[in-house]
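**Student:** Give me coordinates for this.
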Amino acid sequence: MELPVYNDHGEQTGTIALDDRVFGQRWNAALMHQVAETYRANRRKHTVSVKDRGEVRGGGKKPWRQKGTGRARHGSIRSPLWRGGGVTHGPQREKQYAKKLNNAMRKKALGIALSQRIRDGRMVVVESIRLPEEKTRAAKNFIAALRRIGAQDAAPMRALLLLPAQAKTDARIFRNVRGVTTMPDRLANTFAVLSHQAIYISRESVETLAALAAARSRSTART
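**Tutor:** I've put the predicted structure just below:
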């Protein structure tokens, strides 16, 4: 499989060969659903918590004697039966929503997500993501040129810009462009790819991802 490569003006300068084992995978709805739900569960924060009768302050003294008053017996004013008392079976801080996902499924899902973006014409490869000047105007012009390529000329879409690890300055500048999310290429994940309609990636980043996938294939073959 080959994809065209563009420069920062949106002009095609060549092509790049992609490994079909990584970028040509078929869609797997069951796997993608499982991976997406896992990412969402791991990002979820449990912020709701109530106090039970042992955590509510006060109530150490018996409100009245056990017998002889004609009233119901009680041992503490912090009982769940009392106003201001503890809550029975309420949400606690100890609840965890995290799920586990093995490494093989995570990498396979990433390849499937990237393959789908390529089939939809939503993945654009550029020679290099280097801005001529450290200005927000240059970043906006760069993104505007890429959005005019192929299927990118539709309504404004959320774009994911995968940058090499050393492009820290460019990542800071691209954060000023609305609708664009920057991420190091080595941290690319399925949820990020699925959450954005367009993927912009440099030739260097494509080769980095392909090399990681090839190393995994070789290790699997040895076992």
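
**Student:** Got the domain ranges for the chain?
**Tutor:** According to automatic domain parsing, the chain is divided into the following domains: 2-41+100-222, 45-96.

**Student:** Now mean neighbour count and mean pLDDT too, for those domains, in JSON lines please.
**Tutor:** Heads up, the C-betas are built off the backbone N, CA and C, glycines and all. As requested, these are exported to JSON lines (neighbours: other CB atoms under 10 Å; pLDDT from 0 to 100):
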{"stretch": "domain 2-41+100-222", "mean neighbour count": "16", "mean pLDDT": "83"}
{"stretch": "domain 45-96", "mean neighbour count": "12", "mean pLDDT": "90"}
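
**Student:** tell me the contacts of the closest residue to residue 196 other than its chain neighbours?
**Tutor:** The shortest distance from residue 196 to any non-neighbouring residue, by CB to CB, 6 or more residues apart in numbering, is to residue 160 (3.8 Å). By CB atoms under 8 Å, 6 or more residues apart in numbering, residue 160 lies in contact with 180, 181, 183, 192, 193, 195, 196, 198, 199, 200.

**Student:** can you tell me how far the first one sits from residue 158?
**Tutor:** Right, residue 180. According to CB to CB, to the nearest Å, residue 180 and residue 158 sit 8 Å apart.

**Student:** where does residue 201 land in three-state SS?
**Tutor:** Each residue gets one of three states, and residue 201 gets strand by DSSP: H, G, I helix; E, B strand; the rest coil.

**Student:** Not counting residues beside it along the chain, what's closest to it?
**Tutor:** Spatial nearest neighbour of residue 201, chain neighbours left out: residue 162 (4.4 Å); criterion: CB to CB, 6+ apart.

**Student:** in what helix or strand does the one you found lie?
**Tutor:** Per DSSP states H and E, residue 162 falls inside strand 159-163.

**Student:** Output the contacting helices and strands for the very next helix or strand once past that strand.
**Tutor:** Per DSSP H and E, strand 159-163 leads on to helix 168-174 as the next helix or strand towards the C-terminus. Based on contacts counted as 3 or more CB pairs under 8 Å, 6 or more residues apart in numbering; DSSP states H and E, the elements that helix 168-174 packs against are helix 136-147, strand 159-163, strand 180-184.

**Student:** to the chain's geometric centre, what's the distance from the longest one?
**Tutor:** Going back to what we said before, that points to helix 136-147. Offset of helix 136-147 from its chain centre (CA atoms, centre = their mean, to the nearest Å): 24 Å.

**Student:** what does that helix rub up against?
**Tutor:** Residues beyond helix 136-147 that count as contacts (CB under 8 Å, 6+ apart) turn out to be 6, 8-10, 124, 126, 129, 131-132, 152-153, 156-157, 159, 161, 170, 173-174, 176-177, 180, 198, 200.

**Student:** okay, that helix in CSV with CA atoms only?
**Tutor:** Output of helix 136-147 as CSV, limited to C-alpha atoms (Å, rounded to 0.1, in the frame of the first residue of the first chain):
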residue,chain,number,x,y,z
THR,A,136,0.3,30.8,15.6
ARG,A,137,-0.3,32.2,12.1
ALA,A,138,2.1,29.7,10.6
ALA,A,139,0.4,26.8,12.4
LYS,A,140,-3.0,27.9,11.2
ASN,A,141,-1.8,28.1,7.6
PHE,A,142,-0.2,24.7,7.9
ILE,A,143,-3.4,23.1,9.1
ALA,A,144,-5.5,24.9,6.5
ALA,A,145,-3.3,23.6,3.7
LEU,A,146,-3.7,20.0,5.0
ARG,A,147,-7.5,20.3,5.3
